[in-house]
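A.B. asks: Quick one: sequence and predicted model below, then my questions.
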Amino acid sequence: MMGSGSWNPKAMRVLLIHQNFPGQYRHLAPALAIRGDQLLALGAPKAPGLEGVPLIRYSLPPEAPTCHGWAADFQTKCVRAQAVAQLAAQCREGGFHPDVVIGHPGWGELLAIKDVFPHVPVLHQLEWVYATEGGDCDFDPEFPLASWESRTRVRLRRAHQLLAFHDLDWAWAPTQWQAASAPAPFRERISVVHEGIDTEAISPDGEAEVQLQRAGLTLRAGDEVLTFAVRNLEPYRGFHTFLRLLPELQRRRPQLQVVVVGGDGVSYGPPPEGGATWRQVLLKELAGQLDLQRLHFVGTVSHPLLHRLFRICRAHAYLSYPFVLSWSLLEAMACGAVVVGSATPPVEEVIRDGDNGYLVEFFDRDAWLDQLEQVLADPEGQRPIASRARQSVVERYDLRSVCLPQQLALVDQVAAIRC
(Lines give C-alpha, C1' and ligand atoms only; values in the text may rest on other atoms or scores of the structure.)
Protein backbone atom coordinates (compact mmCIF):
# COMPACT_ATOMS: atom_id res chain seq x y z
CA MET A 1 0.00 0.00 0.00
CA MET A 2 1.13 3.53 -0.71
CA GLY A 3 2.18 5.66 2.19
CA SER A 4 -0.56 7.54 4.00
CA GLY A 5 -1.00 11.23 3.40
CA SER A 6 -3.11 14.13 4.54
CA TRP A 7 -4.85 14.71 1.21
CA ASN A 8 -8.61 14.57 1.68
CA PRO A 9 -10.52 14.60 -1.61
CA LYS A 10 -13.96 16.11 -2.02
CA ALA A 11 -16.42 14.68 -4.51
CA MET A 12 -13.89 13.47 -7.04
CA ARG A 13 -14.68 12.81 -10.68
CA VAL A 14 -13.78 9.22 -11.43
CA LEU A 15 -13.57 7.66 -14.88
CA LEU A 16 -13.86 3.86 -14.83
CA ILE A 17 -12.82 1.90 -17.93
CA HIS A 18 -13.53 -1.81 -18.33
CA GLN A 19 -14.75 -3.68 -21.40
CA ASN A 20 -17.10 -5.75 -19.23
CA PHE A 21 -18.03 -3.00 -16.77
CA PRO A 22 -18.51 -3.30 -13.84
CA GLY A 23 -16.04 -6.23 -13.91
CA GLN A 24 -13.82 -6.02 -10.85
CA TYR A 25 -15.45 -2.71 -9.85
CA ARG A 26 -18.91 -4.07 -8.94
CA HIS A 27 -18.32 -3.14 -5.28
CA LEU A 28 -15.90 -0.23 -5.62
CA ALA A 29 -18.07 1.80 -8.02
CA PRO A 30 -21.16 1.89 -5.77
CA ALA A 31 -18.97 2.73 -2.77
CA LEU A 32 -17.45 5.67 -4.62
CA ALA A 33 -20.93 6.87 -5.63
CA ILE A 34 -22.30 6.53 -2.10
CA ARG A 35 -19.59 8.77 -0.69
CA GLY A 36 -20.44 11.42 -3.28
CA ASP A 37 -17.92 10.97 -6.09
CA GLN A 38 -19.08 11.67 -9.64
CA LEU A 39 -18.67 8.55 -11.76
CA LEU A 40 -18.59 7.86 -15.46
CA ALA A 41 -17.88 4.44 -16.95
CA LEU A 42 -16.75 3.43 -20.43
CA GLY A 43 -17.35 -0.13 -21.61
CA ALA A 44 -17.61 -2.38 -24.63
CA PRO A 45 -20.89 -2.82 -26.53
CA LYS A 46 -22.02 -5.76 -24.36
CA ALA A 47 -20.88 -4.42 -20.99
CA PRO A 48 -23.72 -5.20 -18.54
CA GLY A 49 -23.41 -1.93 -16.63
CA LEU A 50 -24.33 -1.14 -13.05
CA GLU A 51 -27.41 0.61 -11.76
CA GLY A 52 -26.67 4.17 -10.71
CA VAL A 53 -23.42 4.49 -12.66
CA PRO A 54 -23.59 6.28 -16.04
CA LEU A 55 -22.10 4.00 -18.70
CA ILE A 56 -21.15 4.93 -22.24
CA ARG A 57 -20.46 1.95 -24.48
CA TYR A 58 -17.87 2.38 -27.19
CA SER A 59 -18.42 0.86 -30.62
CA LEU A 60 -16.06 -1.51 -32.41
CA PRO A 61 -15.59 -1.81 -36.18
CA PRO A 62 -17.23 -4.90 -37.71
CA GLU A 63 -13.87 -6.18 -38.89
CA ALA A 64 -10.22 -5.16 -38.82
CA PRO A 65 -7.79 -5.13 -41.73
CA THR A 66 -5.64 -8.18 -42.31
CA CYS A 67 -2.32 -8.18 -40.52
CA HIS A 68 0.49 -10.55 -39.61
CA GLY A 69 -0.76 -13.40 -37.42
CA TRP A 70 1.61 -12.48 -34.61
CA ALA A 71 0.24 -8.95 -34.57
CA ALA A 72 -3.45 -9.91 -34.62
CA ASP A 73 -3.85 -9.86 -30.83
CA PHE A 74 -2.13 -6.49 -30.52
CA GLN A 75 -4.29 -5.14 -33.31
CA THR A 76 -7.46 -5.95 -31.39
CA LYS A 77 -5.99 -4.12 -28.41
CA CYS A 78 -5.26 -1.08 -30.60
CA VAL A 79 -8.80 -1.12 -31.95
CA ARG A 80 -10.16 -1.00 -28.40
CA ALA A 81 -7.63 1.65 -27.37
CA GLN A 82 -8.74 3.88 -30.21
CA ALA A 83 -12.45 3.36 -29.49
CA VAL A 84 -11.97 4.16 -25.80
CA ALA A 85 -9.76 7.17 -26.47
CA GLN A 86 -12.23 8.63 -28.97
CA LEU A 87 -15.04 8.26 -26.47
CA ALA A 88 -12.92 9.66 -23.63
CA ALA A 89 -12.03 12.66 -25.80
CA GLN A 90 -15.73 13.28 -26.42
CA CYS A 91 -16.33 13.18 -22.66
CA ARG A 92 -13.49 15.67 -22.15
CA GLU A 93 -14.90 17.98 -24.79
CA GLY A 94 -18.29 17.67 -23.11
CA GLY A 95 -16.80 18.95 -19.87
CA PHE A 96 -15.96 15.78 -17.96
CA HIS A 97 -12.42 16.09 -16.58
CA PRO A 98 -11.66 13.21 -14.21
CA ASP A 99 -9.49 13.48 -11.13
CA VAL A 100 -8.53 9.82 -11.48
CA VAL A 101 -8.98 7.08 -14.04
CA ILE A 102 -9.49 3.47 -12.93
CA GLY A 103 -9.21 0.80 -15.58
CA HIS A 104 -8.20 -2.66 -16.68
CA PRO A 105 -5.31 -2.63 -19.15
CA GLY A 106 -5.78 -6.25 -20.18
CA TRP A 107 -7.78 -5.49 -23.32
CA GLY A 108 -5.75 -2.48 -24.43
CA GLU A 109 -8.33 0.04 -23.30
CA LEU A 110 -5.80 2.19 -21.43
CA LEU A 111 -3.14 2.36 -24.15
CA ALA A 112 -4.09 5.87 -25.28
CA ILE A 113 -5.79 7.24 -22.19
CA LYS A 114 -2.72 9.25 -21.13
CA ASP A 115 -2.84 11.05 -24.46
CA VAL A 116 -6.41 12.15 -23.78
CA PHE A 117 -5.86 12.95 -20.08
CA PRO A 118 -2.07 13.45 -19.83
CA HIS A 119 -2.09 14.87 -16.28
CA VAL A 120 -4.67 12.57 -14.73
CA PRO A 121 -3.35 9.67 -12.61
CA VAL A 122 -4.42 6.21 -13.72
CA LEU A 123 -4.98 3.25 -11.41
CA HIS A 124 -4.47 0.00 -13.33
CA GLN A 125 -6.21 -3.26 -12.46
CA LEU A 126 -3.34 -5.74 -12.67
CA GLU A 127 -4.82 -9.17 -13.29
CA TRP A 128 -2.04 -11.15 -14.95
CA VAL A 129 1.07 -10.67 -17.09
CA TYR A 130 1.85 -13.58 -19.38
CA ALA A 131 5.27 -15.21 -19.32
CA THR A 132 6.83 -18.10 -21.24
CA GLU A 133 8.31 -19.63 -18.08
CA GLY A 134 7.26 -20.05 -14.47
CA GLY A 135 3.54 -19.45 -14.89
CA ASP A 136 0.54 -20.85 -16.68
CA CYS A 137 1.92 -21.28 -20.18
CA ASP A 138 4.58 -23.94 -19.45
CA PHE A 139 2.88 -25.58 -16.46
CA ASP A 140 0.99 -28.54 -17.93
CA PRO A 141 3.13 -31.17 -19.69
CA GLU A 142 0.04 -32.37 -21.53
CA PHE A 143 -0.12 -29.02 -23.34
CA PRO A 144 3.48 -27.84 -23.77
CA LEU A 145 4.72 -24.80 -25.63
CA ALA A 146 5.97 -27.14 -28.29
CA SER A 147 7.79 -24.73 -30.58
CA TRP A 148 9.61 -21.46 -30.58
CA GLU A 149 6.67 -20.00 -32.54
CA SER A 150 4.26 -20.78 -29.71
CA ARG A 151 6.61 -19.13 -27.22
CA THR A 152 6.89 -16.09 -29.46
CA ARG A 153 3.11 -15.80 -29.59
CA VAL A 154 2.98 -15.77 -25.79
CA ARG A 155 5.78 -13.22 -25.64
CA LEU A 156 3.99 -10.91 -28.07
CA ARG A 157 0.73 -11.19 -26.16
CA ARG A 158 2.45 -9.10 -23.48
CA ALA A 159 3.09 -6.16 -25.79
CA HIS A 160 0.15 -4.03 -24.68
CA GLN A 161 0.74 -4.99 -21.03
CA LEU A 162 4.37 -3.91 -21.11
CA LEU A 163 3.45 -0.66 -22.84
CA ALA A 164 0.94 0.02 -20.08
CA PHE A 165 3.64 -0.41 -17.42
CA HIS A 166 5.72 2.36 -18.95
CA ASP A 167 2.82 4.78 -18.34
CA LEU A 168 2.04 3.31 -14.94
CA ASP A 169 1.07 5.66 -12.12
CA TRP A 170 -0.10 2.89 -9.82
CA ALA A 171 -1.64 -0.58 -10.01
CA TRP A 172 -3.53 -2.90 -7.75
CA ALA A 173 -3.65 -6.68 -7.90
CA PRO A 174 -5.90 -9.06 -5.94
CA THR A 175 -3.14 -11.44 -4.83
CA GLN A 176 0.60 -11.38 -4.21
CA TRP A 177 1.06 -14.00 -6.92
CA GLN A 178 -0.69 -11.90 -9.54
CA ALA A 179 1.28 -8.82 -8.48
CA ALA A 180 4.50 -10.81 -8.86
CA SER A 181 3.69 -11.46 -12.53
CA ALA A 182 4.61 -7.84 -13.24
CA PRO A 183 8.17 -7.04 -14.32
CA ALA A 184 10.35 -6.41 -11.28
CA PRO A 185 11.06 -2.70 -11.97
CA PHE A 186 7.36 -1.88 -11.60
CA ARG A 187 6.43 -3.89 -8.53
CA GLU A 188 7.03 -1.00 -6.14
CA ARG A 189 4.02 0.70 -7.72
CA ILE A 190 1.59 -2.16 -7.09
CA SER A 191 -0.74 -2.55 -4.11
CA VAL A 192 -2.23 -5.93 -3.29
CA VAL A 193 -5.92 -5.47 -2.50
CA HIS A 194 -8.50 -8.13 -3.24
CA GLU A 195 -11.84 -7.20 -4.79
CA GLY A 196 -13.56 -8.55 -1.68
CA ILE A 197 -16.06 -11.23 -0.69
CA ASP A 198 -19.42 -10.25 0.81
CA THR A 199 -19.18 -12.69 3.70
CA GLU A 200 -22.46 -11.47 5.20
CA ALA A 201 -24.41 -12.63 2.16
CA ILE A 202 -22.08 -15.49 1.24
CA SER A 203 -22.21 -17.59 4.37
CA PRO A 204 -23.05 -21.10 5.62
CA ASP A 205 -26.65 -22.32 5.76
CA GLY A 206 -27.33 -25.74 7.23
CA GLU A 207 -30.86 -25.70 5.78
CA ALA A 208 -29.76 -25.17 2.18
CA GLU A 209 -30.84 -27.57 -0.53
CA VAL A 210 -30.41 -27.88 -4.28
CA GLN A 211 -32.81 -29.50 -6.68
CA LEU A 212 -31.39 -31.22 -9.76
CA GLN A 213 -34.54 -31.39 -11.80
CA ARG A 214 -33.21 -33.43 -14.71
CA ALA A 215 -31.89 -36.07 -12.30
CA GLY A 216 -34.94 -35.90 -10.04
CA LEU A 217 -32.70 -35.31 -7.01
CA THR A 218 -32.79 -32.98 -4.05
CA LEU A 219 -29.39 -32.54 -2.42
CA ARG A 220 -29.07 -31.27 1.15
CA ALA A 221 -26.37 -30.53 3.65
CA GLY A 222 -25.15 -33.86 4.98
CA ASP A 223 -25.50 -35.66 1.66
CA GLU A 224 -22.32 -36.95 0.08
CA VAL A 225 -21.77 -34.26 -2.55
CA LEU A 226 -18.58 -33.18 -4.30
CA THR A 227 -18.61 -29.93 -6.26
CA PHE A 228 -16.39 -28.53 -8.98
CA ALA A 229 -17.15 -25.03 -10.25
CA VAL A 230 -15.45 -22.93 -12.92
CA ARG A 231 -16.50 -20.40 -15.53
CA ASN A 232 -15.69 -22.81 -18.34
CA LEU A 233 -14.67 -26.47 -18.25
CA GLU A 234 -11.08 -26.33 -19.48
CA PRO A 235 -7.57 -27.47 -18.50
CA TYR A 236 -6.52 -24.09 -17.03
CA ARG A 237 -8.86 -24.82 -14.14
CA GLY A 238 -7.96 -28.51 -13.97
CA PHE A 239 -11.10 -29.95 -15.54
CA HIS A 240 -9.12 -32.70 -17.25
CA THR A 241 -7.35 -33.66 -14.02
CA PHE A 242 -10.59 -33.60 -12.03
CA LEU A 243 -12.71 -35.65 -14.42
CA ARG A 244 -10.07 -38.36 -14.71
CA LEU A 245 -10.29 -38.87 -10.94
CA LEU A 246 -13.97 -39.68 -10.97
CA PRO A 247 -14.09 -43.30 -12.18
CA GLU A 248 -11.97 -44.46 -9.24
CA LEU A 249 -13.52 -42.00 -6.79
CA GLN A 250 -17.01 -43.19 -7.73
CA ARG A 251 -15.87 -46.79 -7.20
CA ARG A 252 -14.58 -45.95 -3.72
CA ARG A 253 -17.60 -43.83 -2.77
CA PRO A 254 -20.74 -45.56 -4.12
CA GLN A 255 -23.11 -42.92 -2.64
CA LEU A 256 -21.21 -39.94 -4.03
CA GLN A 257 -23.00 -37.34 -6.13
CA VAL A 258 -20.75 -35.05 -8.17
CA VAL A 259 -22.01 -31.66 -9.38
CA VAL A 260 -19.94 -29.89 -12.04
CA VAL A 261 -20.61 -26.20 -12.73
CA GLY A 262 -19.23 -24.50 -15.83
CA GLY A 263 -19.83 -23.69 -19.47
CA ASP A 264 -18.46 -25.43 -22.53
CA GLY A 265 -16.45 -22.49 -23.85
CA VAL A 266 -12.89 -21.50 -23.07
CA SER A 267 -11.94 -18.52 -20.94
CA TYR A 268 -8.18 -18.78 -21.02
CA GLY A 269 -6.53 -21.63 -22.88
CA PRO A 270 -7.13 -22.88 -26.43
CA PRO A 271 -10.06 -25.11 -27.37
CA PRO A 272 -9.42 -28.74 -28.27
CA GLU A 273 -8.72 -29.57 -31.87
CA GLY A 274 -11.55 -30.68 -34.08
CA GLY A 275 -14.27 -28.33 -32.88
CA ALA A 276 -15.38 -30.36 -29.83
CA THR A 277 -15.58 -29.02 -26.29
CA TRP A 278 -13.29 -30.16 -23.49
CA ARG A 279 -16.27 -31.84 -21.84
CA GLN A 280 -16.94 -33.85 -24.98
CA VAL A 281 -13.26 -34.76 -25.33
CA LEU A 282 -12.95 -35.96 -21.73
CA LEU A 283 -16.25 -37.84 -21.70
CA LYS A 284 -15.21 -39.64 -24.88
CA GLU A 285 -11.87 -40.51 -23.29
CA LEU A 286 -13.63 -41.87 -20.20
CA ALA A 287 -16.53 -43.54 -22.02
CA GLY A 288 -17.81 -46.54 -20.09
CA GLN A 289 -15.82 -45.67 -16.97
CA LEU A 290 -18.13 -43.12 -15.36
CA ASP A 291 -21.43 -43.58 -13.57
CA LEU A 292 -23.27 -40.79 -15.38
CA GLN A 293 -26.28 -41.16 -13.06
CA ARG A 294 -24.13 -39.74 -10.24
CA LEU A 295 -22.32 -37.11 -12.32
CA HIS A 296 -24.29 -33.93 -12.98
CA PHE A 297 -23.18 -31.24 -15.43
CA VAL A 298 -25.35 -28.20 -14.65
CA GLY A 299 -23.71 -25.64 -16.95
CA THR A 300 -23.44 -22.06 -15.80
CA VAL A 301 -25.63 -21.21 -12.82
CA SER A 302 -26.72 -18.13 -10.90
CA HIS A 303 -24.63 -16.96 -7.98
CA PRO A 304 -27.34 -17.83 -5.43
CA LEU A 305 -27.48 -21.40 -6.76
CA LEU A 306 -23.69 -21.67 -6.80
CA HIS A 307 -23.57 -20.59 -3.17
CA ARG A 308 -26.23 -23.15 -2.23
CA LEU A 309 -24.07 -25.83 -3.82
CA PHE A 310 -21.12 -24.68 -1.74
CA ARG A 311 -23.28 -24.82 1.39
CA ILE A 312 -24.38 -28.42 0.91
CA CYS A 313 -21.20 -30.03 -0.42
CA ARG A 314 -18.99 -32.23 1.73
CA ALA A 315 -16.01 -31.29 -0.40
CA HIS A 316 -15.23 -28.78 -3.11
CA ALA A 317 -12.38 -29.44 -5.56
CA TYR A 318 -10.54 -26.39 -6.88
CA LEU A 319 -7.66 -26.68 -9.31
CA SER A 320 -5.83 -23.94 -11.15
CA TYR A 321 -2.71 -23.52 -13.17
CA PRO A 322 -0.34 -20.87 -11.70
CA PHE A 323 -2.66 -18.12 -12.89
CA VAL A 324 -5.43 -15.77 -11.78
CA LEU A 325 -7.22 -16.80 -8.58
CA SER A 326 -10.97 -17.44 -8.97
CA TRP A 327 -13.47 -15.64 -6.78
CA SER A 328 -15.29 -18.97 -6.50
CA LEU A 329 -12.56 -20.43 -4.29
CA LEU A 330 -13.03 -17.74 -1.66
CA GLU A 331 -16.81 -17.86 -2.00
CA ALA A 332 -16.78 -21.62 -1.39
CA MET A 333 -14.68 -21.13 1.73
CA ALA A 334 -16.96 -18.32 2.92
CA CYS A 335 -19.88 -20.77 2.66
CA GLY A 336 -18.01 -23.20 4.89
CA ALA A 337 -17.03 -25.65 2.17
CA VAL A 338 -14.05 -27.93 2.77
CA VAL A 339 -11.81 -27.20 -0.20
CA VAL A 340 -9.28 -29.61 -1.63
CA GLY A 341 -7.14 -27.38 -3.84
CA SER A 342 -4.17 -27.69 -6.11
CA ALA A 343 -0.80 -26.83 -4.56
CA THR A 344 -0.20 -24.02 -7.05
CA PRO A 345 0.90 -20.50 -6.08
CA PRO A 346 -2.42 -18.65 -6.24
CA VAL A 347 -4.14 -21.35 -4.18
CA GLU A 348 -1.30 -21.71 -1.69
CA GLU A 349 -1.69 -18.02 -0.92
CA VAL A 350 -5.18 -18.73 0.46
CA ILE A 351 -5.20 -22.31 1.75
CA ARG A 352 -3.01 -23.55 4.58
CA ASP A 353 -2.83 -27.32 4.15
CA GLY A 354 -4.61 -29.13 6.95
CA ASP A 355 -5.73 -25.90 8.62
CA ASN A 356 -8.37 -24.16 6.49
CA GLY A 357 -8.41 -26.65 3.61
CA TYR A 358 -6.18 -29.15 1.87
CA LEU A 359 -3.53 -28.84 -0.83
CA VAL A 360 -2.61 -31.56 -3.32
CA GLU A 361 -0.04 -31.47 -6.10
CA PHE A 362 -1.93 -30.68 -9.31
CA PHE A 363 -0.95 -33.85 -11.21
CA ASP A 364 -0.78 -36.35 -8.31
CA ARG A 365 -3.79 -38.56 -9.05
CA ASP A 366 -3.35 -40.88 -6.08
CA ALA A 367 -2.99 -38.02 -3.62
CA TRP A 368 -6.14 -36.37 -4.98
CA LEU A 369 -8.11 -39.59 -4.62
CA ASP A 370 -6.90 -40.23 -1.09
CA GLN A 371 -7.52 -36.67 0.09
CA LEU A 372 -10.98 -36.41 -1.44
CA GLU A 373 -11.94 -39.81 -0.04
CA GLN A 374 -10.75 -38.79 3.43
CA VAL A 375 -12.81 -35.59 3.40
CA LEU A 376 -15.91 -37.25 1.98
CA ALA A 377 -15.76 -40.11 4.48
CA ASP A 378 -15.52 -37.93 7.60
CA PRO A 379 -17.86 -34.92 7.45
CA GLU A 380 -17.97 -34.51 11.24
CA GLY A 381 -14.18 -34.51 11.49
CA GLN A 382 -13.98 -31.77 8.84
CA ARG A 383 -16.11 -29.25 10.72
CA PRO A 384 -13.09 -27.44 12.24
CA ILE A 385 -11.55 -27.14 8.76
CA ALA A 386 -14.80 -25.70 7.40
CA SER A 387 -15.00 -23.21 10.26
CA ARG A 388 -11.43 -22.03 9.78
CA ALA A 389 -11.98 -21.79 6.02
CA ARG A 390 -14.75 -19.28 6.52
CA GLN A 391 -12.91 -17.41 9.26
CA SER A 392 -9.82 -16.97 7.09
CA VAL A 393 -11.92 -15.39 4.34
CA VAL A 394 -13.66 -13.10 6.83
CA GLU A 395 -10.34 -11.98 8.28
CA ARG A 396 -8.44 -11.46 5.01
CA TYR A 397 -10.98 -10.89 2.23
CA ASP A 398 -14.20 -9.54 3.73
CA LEU A 399 -15.66 -6.91 1.46
CA ARG A 400 -16.86 -4.31 3.94
CA SER A 401 -14.38 -4.58 6.80
CA VAL A 402 -11.16 -5.27 4.85
CA CYS A 403 -11.11 -4.91 1.07
CA LEU A 404 -13.45 -2.04 0.27
CA PRO A 405 -11.85 0.37 2.79
CA GLN A 406 -8.45 -0.48 1.30
CA GLN A 407 -9.73 0.09 -2.22
CA LEU A 408 -11.25 3.47 -1.37
CA ALA A 409 -8.08 4.58 0.40
CA LEU A 410 -6.02 3.51 -2.59
CA VAL A 411 -8.21 5.45 -5.03
CA ASP A 412 -7.79 8.56 -2.88
CA GLN A 413 -4.04 8.16 -2.72
CA VAL A 414 -3.69 7.62 -6.46
CA ALA A 415 -5.89 10.64 -7.13
CA ALA A 416 -3.41 12.70 -5.10
CA ILE A 417 -0.53 11.80 -7.45
CA ARG A 418 0.58 14.82 -9.42
CA CYS A 419 1.35 13.74 -12.98
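C.D. replies: Nice, I can see it.

A.B. asks: residues contacting the nearest residue to Asn20 once chain neighbours are set aside?
C.D. replies: The spatial neighbour of Asn20 that comes closest, neighbours along the chain excluded (C-beta to C-beta, 6 or more residues apart in numbering), is Ala47 at 5.6 Å. In short, each C-beta sits where N, CA and C put it, glycine included. Applying C-beta atoms under 8 Å, 6 or more residues apart in numbering, we find Ala47 in contact with His18, Gln19, Asn20, Phe21, Ala41, Leu55, Arg57.

A.B. asks: repeat for Leu290
C.D. replies: Leu246, Pro247, Gln250, Leu283.

A.B. asks: Val116: how many residues sit nearby?
C.D. replies: Residues near Val116, counting by other C-beta atoms under 10 Å, number 18.

A.B. asks: Surely it and Ala85 touch.
C.D. replies: Yes - in this structure, Val116 is within contact of Ala85 by C-beta atoms under 8 Å, at 5.3 Å.

A.B. asks: Low-confidence bits of the protein, can you list those?
C.D. replies: Across the chain, the ranges flagged by pLDDT under 70 are 1-10, 419.

A.B. asks: Break it down into its domains, please.
C.D. replies: The chain is divided into the following domains under automatic domain parsing: 13-196+399-415, 209-397.

A.B. asks: and those domains as TSV, adding distance to Ile202?
C.D. replies: Output for the domains of the chain, formatted as TSV (distance: least, C-beta to C-beta, whole Å):
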stretch	distance to Ile202
domain 13-196+399-415	9
domain 209-397	4
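
A.B. asks: Nearest to Ser203, out of those?
C.D. replies: domain 209-397 (6.4 Å; C-beta to C-beta).

A.B. asks: from the chain's centre, how far out does the closest one sit?
C.D. replies: On the basis of C-alpha atoms, centre = their mean, to the nearest Å, domain 209-397 sits 16 Å off its chain's mean C-alpha point.

A.B. asks: how long is it from one end to the other?
C.D. replies: End-to-end distance for domain 209-397, by C-alpha to C-alpha, to the nearest Å: 26 Å.

A.B. asks: how about the helices in this structure?
C.D. replies: 28-34, 72-93, 113-116, 148-157, 159-165, 176-179, 239-252, 278-285, 303-312, 327-334, 345-348, 365-377, 383-397, 404-415 (DSSP state H).

A.B. asks: Can you give me the buried ones in the third one?
C.D. replies: Pointing back at helix 113-116 there. By neighbour count on 16 or more other C-beta atoms under 10 Å, the buried set for helix 113-116 is Ile113, Lys114, Val116.

A.B. asks: now swap in the fourth one and tell me
C.D. replies: With burial defined by 16+ other C-beta under 10 Å, the residues of helix 148-157 counted as buried are Arg153, Val154, Arg155, Leu156, Arg157.

A.B. asks: Kindly reformat the contacts of Ala47 as a markdown table containing distance to Leu292 and neighbour count.
C.D. replies: Shown next, in a markdown table, are these (distance: C-beta to C-beta, whole Å; neighbours: other C-beta atoms under 10 Å):
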| residue | distance to Leu292 | neighbour count |
| --- | --- | --- |
| His18 | 40 | 23 |
| Gln19 | 38 | 23 |
| Asn20 | 34 | 14 |
| Phe21 | 40 | 25 |
| Ala41 | 44 | 24 |
| Leu55 | 43 | 18 |
| Arg57 | 42 | 17 |
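
A.B. asks: Many thanks, have a good one.
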